[in-house]
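In: structure, please.
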Amino acid sequence: MSIKVLACPHCGAPIPPESGKSVVCRYCARVLVGLPRSWWARPVEVPRWEGRASDHGKPRVGLGAASWVLDRHLATGESCEVFLAHRDARLTQRVVMKLATDDGARLRRELGVVRRLRQSSAPGSDHFVRLLPSPVVWGTPRGDRAAPFAVATRWRPGFVHTAAELRSRRLDPRVAVWIGKRLLEQLAWLHGAGFVHGAVSPDHTLVHARDHGAVLVGWSCASWRHGRGGASTRDDIAQAVQVAASLLVDAPSALVRFLQAHADVARCGGDALAVHAALIRVSREALGRPRHAPVNGAAS
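Out: All right, here's what the predicted structure looks like:
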């Protein structure tokens, strides 16, 4: 295989493939007029891609037009296996690959919900849409891992912990507070967009330790909030508070009582922003002014 590289005939600098009969070299400022492109185009042989030596022996999955190398297993969900993967090509891309372990219906449903939410125009969408999974490719996988359906979403660097993993650490109570605040903020936007998550849990909460970020995953249970049956906004809020409460160790009693009260569906209310404001007030009274609370440096 070969490609054409456009280069200035005077200085050899690369020239973008622009339309028209003239172009100005950005490096030597020569004006190239009326010259056939082939005058300064030279063929460059591109070696055949043989793959990376570090990928030898790893399972591969064909999805879309690309082959993907499964680097490591991340999690096992109710209806899928989750892997960290990358595209087997020179210009690679890291993704989270979900391979359905059932008939694929739940994974298809999750994909549909996420794609719909990514098109939301609800207040705050410019920010909160970026916290959603970003689908790259989906369909029926080929290769070493058979599955009825698979979805690959962009890998988000830094989100390397789940809240479930953090429960084994003796964390500063401030960590539980900022995780709870991030979840309530995302839920406020989600409810404003007309949906409920339906499965807020420590396993479905990814935490970015450095940036004090937390995002929700596991969207297969999400549904229209005005539908009959299913989860409600109260359920989401109570579950988010339960996630925060599960991380508390040696916390002030006032903060513990607040989280315990709002972890009850019957008492938490259905307004995520109201609970968010109350959490800020109680945490400041109990812990003082907000300050950085490390996660990675916490004692196990």
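
In: what about the residue sitting nearest the centre point of the chain, which SS state?
Out: The chain has residue 133 as the residue nearest its centroid, 4.2 Å off, counting by CA atoms, centre = their mean. With DSSP: H, G, I helix; E, B strand; the rest coil as the basis, the three-state label of residue 133 is coil.

In: one more: residue 206?
Out: For residue 206, the secondary-structure state derived from three-state DSSP is strand.

In: list the contacts for residue 76?
Out: For residue 76, the contact set (CB atoms under 8 Å, 6 or more residues apart in numbering) comprises residue 82. To be clear about C-beta, it is placed using only N, CA and C from the backbone, and glycine gets the same treatment.

In: try residue 187
Out: The contact partners of residue 187, by CB under 8 Å, 6+ apart, come to 197, 200, 233, 236, 237, 240, 272.

In: pipe those into TSV and attach distance to residue 14, neighbour count and pLDDT per row.
Out: TSV is the format used below for these (distance: CB to CB, whole Å; neighbours: other CB atoms under 10 Å; pLDDT from 0 to 100):
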residue	distance to residue 14	neighbour count	pLDDT
197	48	27	97
200	50	26	97
233	55	20	95
236	52	30	97
237	55	28	98
240	51	31	98
272	52	24	97
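
In: was I right to think residue 174 contacts residue 288?
Out: No. Counting by CB atoms under 8 Å, residue 174 stays clear of residue 288, with 9.4 Å between them.

In: now the helices for this protein?
Out: Here the chain has its helices, by DSSP state H, at 105-117, 125-128, 163-166, 173-192, 233-245, 253-262, 265-268, 272-287.

In: can you list the domain ranges for the protein.
Out: 2-45, 53-154, 159-287 (automatic domain parsing).

In: pick the most deeply packed of those domains.
Out: When you average the neighbours per residue for each of those (mean count of other CB atoms under 10 Å), domain 159-287 leads with a mean of 19.

In: over to that one now: how far is its first residue from its last?
Out: End-to-end span of domain 159-287 (CA to CA, to the nearest Å): 26 Å.

In: so, low pLDDT: which residues of this structure?
Out: In the predicted model of the chain, residues 1-6, 16-22, 33-46, 227-229, 296-300 satisfy pLDDT under 70.

In: again, only this time at 90
Out: Across the chain, the ranges flagged by pLDDT under 90 are 1-50, 77-78, 90-91, 158-161, 167-170, 209-212, 224-231, 249-250, 266-269, 289-300.

In: residue contacts, the closest residue to residue 230 other than its chain neighbours?
Out: Nearest residue to residue 230, sequence neighbours excluded (CB to CB, 6 or more residues apart in numbering): residue 223, at 4.8 Å. Residue 223 sits next to 113, 195, 196, 198, 230, 231 when contact means CB under 8 Å, 6+ apart.

In: one more pass at 7 Å, please.
Out: 195, 196, 198, 230, 231 (CB atoms under 7 Å, 6 or more residues apart in numbering).

In: ok, the third one to residue 147 distance?
Out: Distance, residue 198 to residue 147, by CB to CB, to the nearest Å: 24 Å.

In: what's the closest non-adjacent residue to residue 24?
Out: Nearest-residue entry for residue 24: residue 31, 5.4 Å, with adjacent residues in sequence omitted and distances by CB to CB, 6+ apart.

In: now swap in residue 71 and tell me
Out: Distance criterion CB to CB, 6+ apart; nearest residue to residue 71, sequence neighbours excluded, is residue 84 at 4.7 Å.

In: which residues does the one you found bridge with?
Out: residue 72, residue 96 (DSSP bridges).

In: any idea how far residue 128 is from it?
Out: Distance from residue 84 to residue 128, counting by CB to CB: 24 Å.

In: tell me the contacts of the closest residue to the residue nearest to the centre of the chain other than its chain neighbours?
Out: By the measure of CB to CB, 6+ apart, the closest residue to residue 133 outside its immediate chain neighbours is residue 153, 4.1 Å from it. Contacts for residue 153 were tallied using CB under 7 Å, 6+ apart; they are 95, 96, 133, 134, 135, 136.

In: just the closest of the residues you listed to residue 158, please.
Out: residue 96 (13.4 Å; CB to CB).

In: sorry, back to before: list just the nearest of the contacts of residue 153 to residue 167.
Out: With CB to CB as the yardstick, the closest approach to residue 167 among the contacts of residue 153 comes from residue 96, at 22.3 Å.
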